[in-house]
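Q: sequence first, predicted coordinates after that:
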Amino acid sequence: MINRRTFTALLAGTAAAPTFAWSQTMKKSVFYGSVGPELTLYDIDVEGAVLAKRGTVSTPGANIQYVWPHPSKRYLYVVSSDGGPGTIPGTKHIAQAFRIDPASGALTPHGEPAALPSRPIHCSVDSTGEYLLTAYNIPSNITVHRIKPDGALGEPVAQPAKPDTGIFAHQILTTPGNHSVILVARGNNAEPKAPEDPGALKIYGFKNGVLTNLGSVQPGDGLGFGPRHIDFHPTQPWVFVSVERQSQLYVYRLQPDHSLAREPMFVKNTLADRKNAPPPQAAGAIHVHPNGRFVSDQPQFRHRGI
């Protein structure tokens, strides 16, 4: 049975960064979709609204959890695990780099896989392309791996002090200036045998792959606040936060010191009629349009431990 965690998809960009020399430059967009351990390449026919399957690669014995492209668009990073939501910890958790063919978008394994400590739930690459950041929800955790000049994965960066990772990390991103990192810690709703876990946005300084605690942003003690994902406005210092457990959208200001303002600028409901919405519908992934004029949120059905 396929659940929402066994399918992820990513649109790869069309142009190479000018600092890299390509034998060819990609002239088209391609689409990657994953089910289980398989990552499939599709060509996009925009006029016909059709995806044409072109090829598939697999991760070794582990279901794909998330993918993220290198800023150069030359490499794609995939984190996978044989664990599952909730109480299925698994025993095999890896990060793998793939080379992207500039002409076709085809993927080829690149370098050696890196072992991860537990089931990853999200990954991203910083804007310099030098570090892969990975978030884990059970237990809440972060790792930072170096990316070698050739795009292959290197060793993890030792953290002098343990970062404050809150409860149930769900996403990790560097801020636009690459001076800080935001970890979204969702927390959990109360259950018959478990009290509510508070949510928060954990802010870290970021230099040479090292994370330093800068602060934690949440309303009050974080109870009644369950953030899931964030995205950034393309030109303004605005951080949009999808609050899963309360079906809300928060907007925070990114401060000149690369931290977040303590109080949100705006709070909006994501459901037109929260009282009559089909339970347990909740806010999901969030994306800001490249023109900065629209924010989209993907609703999803939530269960504890996903």
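A: Happy to help now that I have it.
Q: CA only for contacts and neighbour counts going forward, please
A: OK.
Q: can you check the pLDDT for F301?
A: Looking at F301, its pLDDT is 51.
Q: then the one 4 residues further on?
A: In this prediction, G305 carries a pLDDT score of 42.
Q: over to G284?
A: 77.
Q: so it sits in a helix?
A: No. Counting by DSSP: H, G, I helix; E, B strand; the rest coil, G284 is located in no helix; its state is coil.
Q: right, and it touches S242 too?
A: Yes. Using CA atoms under 8 Å, G284 is in contact with S242, at 6.5 Å.
Q: can you list residues touching both of the two?
A: The contact sets of G284 and S242 overlap at R228, H229, D297 (CA atoms under 8 Å, 6 or more residues apart in numbering).
Q: okay, and the beta partners of the last one?
A: Using DSSP bridges, the bridge partners assigned to D297 are I286.
Q: next one, pLDDT for it please.
A: 79.
Q: any idea how far it lies from P156?
A: Using CA to CA, to the nearest Å, D297 is found at 33 Å from P156.
Q: between G284 and S242, point out the one with more neighbours.
A: When G284 and S242 are compared for neighbours, S242 comes out ahead with 30 against 22, by other CA atoms under 10 Å.
Q: who's that one bridged to?
A: Here S242, judged by DSSP bridges, has bridge partners H229, L249.
Q: mind checking how far the most centrally placed residue in the chain is from N291?
A: The centre of the chain sits closest to H122, judged by CA atoms, centre = their mean, with a distance of 4.1 Å. Using CA to CA, H122 is found at 25 Å from N291.
Q: cool, V251 as well?
A: V251 is 17 Å from N291, where distance means CA to CA.
Q: quick one, which of the two is more surrounded?
A: A side-by-side neighbour count of V251 and N291, using other CA under 10 Å, places V251 first with 20 against 9.
Q: how is the more buried one assigned, secondary-structure-wise?
A: strand.
Q: hmm, it is touching R262, no?
A: No. V251 lies out of contact with R262 (CA under 8 Å); the separation is 11.1 Å.
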